[in-house]
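A.B. asks: please find the sequence and the predicted model below.
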Amino acid sequence: MSLVVDALGKRYGDSTVFSNVSLRVAPGEFVAIVGESGVGKSTLLNCMAGLDSWDSGSVHIAGTNLGTLDNDARALLRRQQVGFVFQAFHVLPHLDVAQNVALPLMLLGQQDDARVQDLLTEVGLGGLGARLPQQLSGGQLQRVAIARALVHRPALLLADEPTGNLDPTTAAKVMDALLAQTRAQGAALVLVTHSQAAAARADRILQLRADGIFE
Ligand SMILES: Nc1ncnc2c1ncn2[C@@H]1O[C@H](COP(=O)(O)OP(=O)(O)OP(=O)(O)O)[C@@H](O)[C@H]1O
Ligand SMILES: [Mg+2]
């Protein structure tokens, strides 16, 4: 399994965000997570990446129990196994497009310019590698973020509302790029979304509630 979440619970003080959340995502599978605003979707995704802490239960990525790792070891596991697409892009403004996409490979000491160019072409940004982020549209920026999340061939891709800021046509193109690339790499994809159109393309749709997650 690429991802196994077992009986996960998260609280802030006395207030429970969610409890008893369990799910399994196989390699190559695409799972969409939906739910009301504030129910904890982003929090859950951050827990899955080991970017946030939880109060009960466990998270395994590619067989490794995140709970047994300290922050440095979690960061290393993320670098090797996880791609994360943030809603707000989080591209670095002073690096050009190709440098942004190359960043995960650089952190791994595995620079590969050909790989970066191929991926830019795959997401429809061939020839734009030398542009700065400020010279791109929102849809193009989101595709930079997708290319960056996939460049190191992660086993698990976590995406938080990657089409939330985009018009429907651009959103569909970004979803096309995201799906084509995750399928080509056999990566597992967990997508948090409010978009019916995006969720409809998933293998499974799970609804997050305070008391668990349901088909
Ligand atoms: N530091 C904190 N202290 C207390 N409560 C918090 C804190 N951070 C987040 N929360 C609460 O945790 C809940 C889950 O937030 P989260 O951002 O995960 O929701 P979400 O489902 O992603 O919502 P949206 O669909 O609007 O993005 C919210 O109700 C929020 O108010
Ligand atoms: Mg959110």
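C.D. replies: Yes, it's here. Ligands and ions are numbered 1, 2, ... in the order given.
A.B. asks: put the alpha carbons of the helix or strand of the chain with the lowest mean pLDDT into CSV.
C.D. replies: When each helix and strand of the chain is scored by mean pLDDT, DSSP states H and E, helix 168-185 comes last, with a mean of 89. Extracted in CSV, the C-alpha atoms of helix 168-185 (Å, rounded to 0.1, in the frame of the first residue of the first chain):
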residue,chain,number,x,y,z
PRO,A,168,-13.4,25.5,-15.2
THR,A,169,-11.5,25.1,-18.5
THR,A,170,-8.1,25.6,-16.9
ALA,A,171,-9.1,23.4,-14.0
ALA,A,172,-9.9,20.6,-16.4
LYS,A,173,-6.5,21.0,-18.1
VAL,A,174,-4.7,21.0,-14.8
MET,A,175,-6.6,17.8,-13.8
ASP,A,176,-5.7,16.2,-17.1
ALA,A,177,-2.0,16.9,-16.5
LEU,A,178,-2.2,15.7,-12.9
LEU,A,179,-3.9,12.5,-13.8
ALA,A,180,-1.8,11.7,-16.9
GLN,A,181,1.4,12.1,-14.9
THR,A,182,0.3,10.1,-11.8
ARG,A,183,-1.1,7.3,-14.0
ALA,A,184,2.1,7.3,-16.1
GLN,A,185,4.2,6.9,-13.0
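A.B. asks: not counting residues beside it along the chain, what's closest to the single nearest residue of the chain relative to ligand 2?
C.D. replies: When scored by C-beta to the ion, the chain has S42 as its residue closest to ligand 2, at 3.1 Å. Backbone N, C-alpha and C define where each C-beta goes, glycine included. Distance criterion C-beta to C-beta, 6 or more residues apart in numbering; nearest residue to S42, sequence neighbours excluded, is D160 at 5.5 Å.
A.B. asks: for the one you found, what are its contacts?
C.D. replies: Going by C-beta atoms under 8 Å, 6 or more residues apart in numbering, D160 touches K41, S42, L45, F84, V85, F86, Q87, V192.
A.B. asks: what secondary structure does the third one sit in?
C.D. replies: Put simply, L45 is helix when judged by DSSP: H, G, I helix; E, B strand; the rest coil.
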